[in-house]
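Enquirer: okay, here's the prediction I keep looking at, along with the sequence it came from:
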Amino acid sequence: MTELNVRYGTVSDLNGMIKLDRKLYPVVWQVENEFVDRLLGRNNRVYKIVEENGELKGYSSLIPLDKRTYDRLLMGQIEESKICHHVLAYEEGKEVYIYFSSIIVDIFHENRKKYSTALILNLLDWIQDIEETGVIIKEFGMIAITDAGNRICKRMGFKKVWEVEEHGKKYNVYKGTVEDVRNGIKVKEYE
């Protein structure tokens with residue numbers, strides 16, 4: 001019997017995250033040690049890990065930013081690798097704009113849908129946990145670099161706002177609200 005668990009990511013998960021990134025993404029989109037260290041040093045609630053029997057099978061990340069950095073990122077004026085210096089801590093009364101940086105699972109594994117479903121359904125708890133800190137989530141934004149990313153954004157009710165050019169290719173940029181996420185997850189089966 002397999003045991004599936006979704007939990008916050010830590011620095012100890014870094015090797016598994018890098019291994020998964022290298023398996024699935026081009027080099028320019030792969031997570032790096034220094035980036036993850038800095039993110040977790042500024043906010044220890046930016047990663048969620050899905051593991052099966054203690055083995056990392058996927059992860060997602062929600063990165064809280066101020067409006068200026070968030071807007072610049074989604075317009076292609078700042079690279080994702082540079083935002084670790086701008087990550088906000090969750091503090092009561094603070095407004096944050098959350099960059100939905102990734103949702104990645106081992107797409108070659110037979111249980112890939114189970115892993116992605118677990119991460120998506122956990123977004124509801126994650127959002128609640130963030131809101132309980134007293135922070136105000138103004139908006140979510142995502143640059144979808146895969147077909148799966150585009151599907152997830154659409155299923156959650158995010159709206160395509162424009163395209164951005166990154167690393168010589170054009171990608172769709174989506175925005176949504178907390179209510180979009182809640183309604184999108186409630187309405188869709190994801191199974």
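Expert: Nice, thanks for sending it over. Because the structure is a prediction, the values reported are computed rather than measured. Residues are numbered from 1 along each chain as shown.
Enquirer: check which helix or strand the residue positioned nearest the centre of the chain maps to.
Expert: What sits nearest the mean C-alpha location of the chain, by CA atoms, centre = their mean, is residue 61, with 2.9 Å. According to DSSP states H and E, residue 61 maps onto strand 55-65.
Enquirer: partner strands of that strand, with direction?
Expert: Sheet partners assigned to strand 55-65 using DSSP bridges are listed as strand 47-52 (antiparallel), strand 95-105 (antiparallel).
Enquirer: tell me what the very next helix or strand once past the longest one is packed against?
Expert: When you say that, I think you mean strand 95-105. The first helix or strand that comes after strand 95-105 along the chain, using DSSP H and E, is helix 112-131. Counting contacts by 3 or more CB pairs under 8 Å, 6 or more residues apart in numbering; DSSP states H and E, helix 112-131 is packed against strand 4-8, strand 47-52, strand 55-65, strand 95-105, strand 136-144, helix 178-187. In this view, the C-beta of every residue, glycine as well, is placed from N, C-alpha and C.
Enquirer: residue 89: which of the ones you listed is closest?
Expert: The closest of those to residue 89 is strand 55-65. By CB to CB, the value is 8.0 Å.
Enquirer: now do the helix or strand just after the closest one, average pLDDT.
Expert: Heading C-terminal from strand 55-65, the first helix or strand you meet, by DSSP H and E, is helix 67-74. For helix 67-74, the mean per-residue pLDDT is 96.
Enquirer: helices or strands up against helix 67-74?
Expert: Packed next to helix 67-74, using 3+ CB pairs under 8 Å, 6+ apart, are strand 95-105, strand 136-144.
Enquirer: tell me the angle it makes with strand 55-65.
Expert: Counting by axes from the mean of the first three to the mean of the last three CA atoms, to 10 degrees, helix 67-74 lies at 120 degrees to strand 55-65.
Enquirer: now do the buried residues in helix 67-74.
Expert: 69, 70, 72, 73, 74 (16 or more other CB atoms under 10 Å).
Enquirer: I'd like those residues as JSON lines, with distance to residue 80 appended.
Expert: Converted to JSON lines, the buried residues of helix 67-74 look like this (distance: CB to CB, whole Å):
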{"residue": "69", "distance to residue 80": "11"}
{"residue": "70", "distance to residue 80": "12"}
{"residue": "72", "distance to residue 80": "11"}
{"residue": "73", "distance to residue 80": "7"}
{"residue": "74", "distance to residue 80": "10"}
